[in-house]
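A.B. asks: Need the 3D shape of this:
(one chain, ligands or ions: 1)
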Amino acid sequence: MAATHDFEQMWRDLAPVGRSATSGGYHRQPWTSAETELRHWFMEECAARGLAVETDGIGNQVAWWEPAGTSGGSGVLTGSHLDSVLDGGAYDGPLGVVSALAAVDRLRERGFEPVRPLGIGVFVEEEGSRFGRACLGSRLATGATTWDAARELRDRDGVFLADAVEAAGLDPSAGLLSLDRVGTFVELHVEQGRDLVDREVAVGLASEIWPHGRWRFDFAGEANHAGTTRMEDRRDPMLTYAMTALAANKQARLSGQRATFGRIAVEPNGTNAVPSLVTAWLDARASSDDALAELVAAIERQADDRAGRDGTALTVTAESVSGSVAFDPDLAARLAALGDWPVIPTQAGHDAGILSDAGIPTAMVFVRNPTGVSHSPDEHAETADCLAGVDALADVLAELAGA
Ligand SMILES: [Zn+2]
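C.D. replies: Coordinates of the predicted model:
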């Protein structure tokens, strides 16, 4: 058996994978060589711990620790994801997987033996950075999305999901991960905000995930010459888009919610041409389902008004919308008591939300992020806080799998 690596060694091993030499950010898009390397890394780390990894047809992975004497019944799953957004940080996702492995080590050092099976899982394409569907791996595993619906998704280069999965050496016909034996799910994650900083604690638990979604705004106008077309004769979709981005920001500020246009595509994308089409993706999040619907409707209304004045046409398509997730309050209260940890909400989506929606009692452990920055190369957590997170996760798993 190979030697197991401690938290800091695993962190060092992962550091170069998919890292941009220029920005220092991570490009770990699913079904790329970087992500395949991470999948193999996970298998090696599990093998070093004597745990066999099951990889499903799309790359979701799980390894069960099930010593003789466990009940074999409903188990406790912990883990997160290894993919990143484009130019993302090191912690979002991998912290939960590395901490899960390190927590199993801690439990073994303590001489703990699980009474229930204890699994470590990795869900594929959590960020939706390649195919635009956040939490795609866990949505497929829970049945929230079907493979038949997903296989036709295309990435930015027009590659079908099914082809990307096969190109990564996986076989979608091999089926999807079964979560039948998962009685409880726990995801540890770096906090993507500053709540724990304000509270001056290293670790917290999640109460809920705000509802959130992605909407595609297609602004259609008329391509024309940037020099010879008089300003008053133009039907310029860039103007409609620009005003919509400002309106989205204002609406979100006014209501204490979140709205972001972080991605656009322009046709023909020429410096000396009035564009014919601007496609922009709105990411919106709010404290309730109604507030989210109102926010998006308000942005759409203002975009429509402006399109009328610009002579452009607007089409809005909801690409993915996730309702609010309230994590099991009894479970959160029981676990919070283990360490006197605060229970806080988050505006970020997670696989934990998908499993919770599927009826699996779920909890999240957050680790303090000193700047709150996430989805950026500057995302950071102090090692001491990460190790406190490992200890907290070990305590949580001992509580859940030990009785
Ligand atoms: Zn994440």
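
A.B. asks: how near is residue 120 to residue 63?
C.D. replies: Per CB to CB, to the nearest Å, residue 120 is found 5 Å from residue 63. In short, each C-beta sits where N, CA and C put it, glycine included.

A.B. asks: tell me, what's touching these two both at once?
C.D. replies: 46, 51 (CB atoms under 8 Å, 6 or more residues apart in numbering).

A.B. asks: The stretch 1-150 of the chain against the ion: which residues are in contact?
C.D. replies: For the stretch 1-150 of the chain, the contact set with the ion under CB under 5 Å from the ion comprises 92, 93.

A.B. asks: what about 8 Å?
C.D. replies: 80, 81, 92, 93, 96, 126, 127 (CB under 8 Å from the ion).

A.B. asks: Please identify which pair of these lies farthest apart.
C.D. replies: 96 and 127 (13.2 Å; CB to CB).

A.B. asks: can you list residues touching both of these two?
C.D. replies: Common neighbours of residue 96 and residue 127 (CB under 8 Å, 6+ apart) are residue 81.

A.B. asks: Compare these two (neighbour count), which wins?
C.D. replies: Between residue 96 and residue 127, counting by other CB atoms under 10 Å, residue 96 is the more crowded of the two (32 against 22).

A.B. asks: Tell me the confidence at that one?
C.D. replies: In this model, residue 96 is scored at 98, pLDDT.

A.B. asks: mind listing what it touches?
C.D. replies: Counting by CB under 8 Å, 6+ apart, residue 96 has contacts 78, 79, 80, 81, 187, 188, 189.

A.B. asks: likewise residue 65?
C.D. replies: Each residue near residue 65 by CB under 8 Å, 6+ apart is listed here: 49, 51, 104, 114, 117, 118, 119, 120.

A.B. asks: repeat that with 7 Å
C.D. replies: 51, 104, 114, 118 (CB atoms under 7 Å, 6 or more residues apart in numbering).

A.B. asks: quick one: what helix or strand has residue 238 in it?
C.D. replies: helix 237-255 (DSSP states H and E).

A.B. asks: I meant to write residue 294 there.
C.D. replies: Short version, using DSSP H and E: residue 294 is in helix 289-310.

A.B. asks: is the ion contacted by whichever helix or strand comes after that helix?
C.D. replies: As assigned by DSSP H and E, the chain's next helix or strand after helix 289-310 is strand 313-322. No: using CB under 8 Å from the ion, strand 313-322 stays clear of the ion, with a minimum separation of 13.7 Å.
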